[in-house]
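Chemist: Build me a model from this:
(one chain, ligands or ions: 1)
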Amino acid sequence: MATLTTTPRADGYRMPGEFEPHKQTWMVWPERPDNWRLGASPAQAAFARVARAIAQFEAVTLCVSAAQFKNASESLGIEKTNHRIRLVEIITDDAWCRDTGPTFVIDDHGNIRGIDWTFNAWGGLDGGLYAPWDRDDRVAATILDIEGIDRYRTDDFILEGGSIHVDGEGTVITTEECLLNKNRNPHMTRDAIDAKLRDYLNIEKVIWLPNGLFNDETDGHIDNFCCFARPGEVLLAWTNDAQNPSYLFCQAALRLLENTKDARGRTLIVHKMPIPGPIYATKEECDGVEIVSGSQARDPSIRLAASYINFLIVNRGIIAASFDDAKDSEAKAILKRVFPEREVVVVPGREILLGGGNIHCITQQQPQQKKQ
Ligand code: KQY
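Modeler: Numbers count the residues shown, from 1 in each chain. Now for the predicted structure:
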C-alpha cells in the first residue's frame, strides 16, 4: 500500500474517539518468555479471554507467529466455536498492539488511513523495555497492508498509541512524563511535539497532564491513568490516600483537567476511578520470567501499575480488568454508571499486568468507515 508524504490534517483525516463505531479490534498473541512468565502460557489464557470477550461485541483479528498458530487457534477455540476471531500470521517482538499497531484515521467521505508511528520499545537503549524492537516497528505497516489501507509514516517521530487519548472532536490528552521524555524525541521541543500531534491526529488542543500512574514502565502512558468516556467527559485514576505514590500525580491531573477547556470550549466532567492495590508480583511469578540482558527484569518489591482505567471501549460494550481486589466491584459499578449504554464485561487482568500493561495496551480498535 502507499506511504503518503502529506499529513492526516492536510488531507482531512482525524483520529476518531474509541467510543465511535468499530469495524474490529486487533491484538497480538504473547509468547516472549523474558516478559511473560512460564513461557507465556498464563498470559495466553488471559489474552484469549480478552479476545473472546471482545468477540461478543465485534470482530477480532489476532496476529500470531507461525510457531504459535496452532496453539493460539486451539486456545481461542477458533475452528469449533469462534467465527468472530481471525488469526493472521505476523512476526512481532511482543504483544502490545496499542503501541505497535497503527493509529487509524478517517475522513468524512468514508475513507480510512493509518498512522505508522516509529516505535522504540518505550525508550530505546535509554530505559526501553527490550531490544531489538525492529519487528514490532513493522507491525503497523503489516496490519495496514493486510487491510489494504494507505499509511502515514513518522520516521522522525516516536510515539506509542497508549500515550494518547482523543475525544474525536479536536482534543487529545497525553502526559509530559512520556511525550517529553528524552528517550522518545529529544530533538523536539514541546511546541514541536504539540504541532506534530495537531498535524497527525487533526486536533486543535493538547491537554498535557504532568504524569501518568506511579511506576508505569511506559513512562506514564495516559491510557493507564486517564481516558475519554465521550467528548467532554473523562475518567481519571484517583486516590484520597496521601500515602499512595500516585497521590500527587492525581491531584495535579485533577487541577489541570478542572481548569482546562477542551477544543470545543467545554469544561470537562471528571469521573474519579479508584486505584486498586497495592498489588505486587509474587517471587514465584517473577521467577517464572526468563532473565535476558536488555529486557525488563521483574522484582517482587516493585508496586505494579495496576489501573482500572486500562479498559477497552467496544461496540456496545466495555472490556475491563479485575484484579481480585477489594475495589473491583466499585470499579465495575463506576463503569456501568459512566457507560449506561454499554454492557460492562470484566475479565481477570493480573497476568497482563505482570507483563507491564493491561487490556487497552494489548488492543487496537479499527474504526468503522462511514457508508458513502
Ligand atoms: O502498557 C503498555 N502500553 C506497554 C507495556 C509494555 C511492557 C513491556 N514489558
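Chemist: only C-alpha atoms for contact and neighbour calcs from this point on.
Modeler: Will do.
Chemist: Am I right that Y152 falls within a helix?
Modeler: No - Y152: not assigned to a helix; according to DSSP: H, G, I helix; E, B strand; the rest coil it is strand.
Chemist: Let me know the secondary structure of the nearest residue to it once chain neighbours are set aside.
Modeler: Closest residue to Y152 apart from its sequence neighbours, by Cα to Cα, 6 or more residues apart in numbering: I115 at 4.8 Å. Assigned by three-state DSSP, the conformation of I115 is strand.
Chemist: Just list whatever residues bridge to I115.
Modeler: Per DSSP bridges, the residues bridged to I115 are T103, Y152.
Chemist: Could you do Q364 as well?
Modeler: On the basis of DSSP bridges, Q364 is bridged to W26.
Chemist: just the strands in the stretch 251-372 of the chain please.
Modeler: Using DSSP state E, counting those that start in this stretch, the strands assigned to the stretch 251-372 of the chain run over residues 269-274, 312-314, 317-322, 343-348, 364-367.
Chemist: how about the ones you listed, which one is nearest the ligand?
Modeler: Of all the strands of the stretch 251-372 of the chain, strand 364-367 sits nearest to the ligand, with 10.8 Å by Cα to the nearest ligand atom.
Chemist: So what touches the closest one?
Modeler: In this structure, residues lying in contact with strand 364-367 by Cα atoms under 8 Å, 6 or more residues apart in numbering are 16, 18, 20-27, 97-98, 101-106, 314.
Chemist: Of those residues, select the buried ones using a PyMOL command.
Modeler: To isolate the buried ones among these in PyMOL, judged by 16 or more other Cα atoms under 10 Å, type:
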select buried, resi 16+18+21+22+24+25+26+27+97+98+101+102+103+104+105+106+314
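Chemist: just to revisit the earlier point, who wins for proximity to G128 among the strands of the stretch 251-372 of the chain?
Modeler: Distance to G128, taken as Cα to Cα, is lowest for strand 364-367 among the strands of the stretch 251-372 of the chain, at 21.2 Å.
Chemist: Determine if any part of that closest one is in contact with the ligand.
Modeler: No - Strand 364-367 lies out of reach of the ligand by Cα under 6 Å from any ligand atom, never closer than 10.8 Å.
Chemist: Return the alpha-carbon coordinates of that strand using CSV.
Modeler: Only the C-alpha atoms of strand 364-367 are listed here, as CSV (Å, rounded to 0.1, in the frame of the first residue of the first chain):
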residue,chain,number,x,y,z
GLN,A,364,-6.1,-1.5,18.9
GLN,A,365,-9.5,-0.6,17.6
GLN,A,366,-10.1,-0.1,13.8
PRO,A,367,-12.9,2.4,13.2
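Chemist: how about that strand: buried residues?
Modeler: Using 16+ other Cα under 10 Å as the test for burial, strand 364-367 gives 364-367.
Chemist: Let's have these in a markdown table, adding pLDDT.
Modeler: A markdown table is the format used below for these (pLDDT from 0 to 100):
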| residue | pLDDT |
| --- | --- |
| Q364 | 98 |
| Q365 | 98 |
| Q366 | 98 |
| P367 | 98 |
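Chemist: Kindly reformat those as JSON lines and extend each row with distance to F157.
Modeler: As requested, the buried residues of strand 364-367 are exported to JSON lines (distance: Cα to Cα, whole Å):
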{"residue": "Q364", "distance to F157": "20"}
{"residue": "Q365", "distance to F157": "22"}
{"residue": "Q366", "distance to F157": "22"}
{"residue": "P367", "distance to F157": "23"}
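Chemist: Quick one, grab the pLDDT at the residue in the stretch 251-372 of the chain that the ligand sits nearest to.
Modeler: Nearest residue of the stretch 251-372 of the chain to the ligand (Cα to the nearest ligand atom) works out as G357 at 3.5 Å. Listed pLDDT for G357 reads 98.
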